[in-house]
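Novice: need a structure here:
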Amino acid sequence: MALITLLSEPQAKVGGEFYFMGPLTDCKDCRLKGVCFNLEPGARYRVVEVRNQRHACEECEGEVVAVEVEKVSTPGAVPKKGAMEGVTITYSEPKCQEVSCPNYFRCHAVGKREGQKYTVTSLGKDLDCPIGEKLVAADLL
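Specialist: Residues are numbered from 1 along each chain as shown. This is a model prediction of the structure:
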């Protein structure tokens, strides 16, 4: 089944990716909010088709375009022990605050929420961790 949402014109490009961070409070009375906000907060999406339907949008001060999207995995990091493709994990935000670490944004995966379950879709290389954690790169869906 196609997943349709609305994006601003500059975002509505096939192959473009974005994170849906949740509904805007300013849009609570909009008649189109059901289409705009039918995505999972924190998830990453890719535009696979741009449709012809356009609508005026007060929030983006222009038009929004109907697009078909697919959910795609988010780069993350998981403990090396027990890391396997296809396994479901409960996400735990790392305690590390080493923002200068090259893996910081992988370890603190954008859009992922503490306690939520995610599937490991693929595993990558071992990650160097400045605080000694044994981690591996992973894509999470």
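Novice: for this structure, longest strand please?
Specialist: Counting residues, the longest strand in the chain under DSSP state E turns out to be strand 44-57.
Novice: Pretty sure Tyr91 sits against Gly115.
Specialist: Yes: Tyr91 is in contact with Gly115 according to Cβ atoms under 8 Å; the separation is 6.9 Å. In short, each C-beta sits where N, CA and C put it, glycine included.
Novice: residue contacts, the residue positioned nearest the centre of the chain?
Specialist: Taking Cα atoms, centre = their mean, the centroid of the chain lies closest to Arg44, which sits 2.4 Å from it. Counting by Cβ atoms under 8 Å, 6 or more residues apart in numbering, Arg44 makes contact with 17-19, 71-74, 110-111.
Novice: and if you look at Tyr45?
Specialist: 3, 5, 17-20, 39, 69-72 are the contacts of Tyr45 under Cβ under 8 Å, 6+ apart.
Novice: Spell out the residue ranges of the strands in the chain.
Specialist: Under DSSP E, the chain gives strands at 3-8, 17-19, 44-57, 62-72, 74-79, 88-90, 117-127, 135-140.
Novice: what angle do the last one and strand 74-79 make?
Specialist: In terms of direction (axes from the mean of the first three to the mean of the last three Cα atoms, to 10 degrees), strand 135-140 departs from strand 74-79 by 140 degrees.
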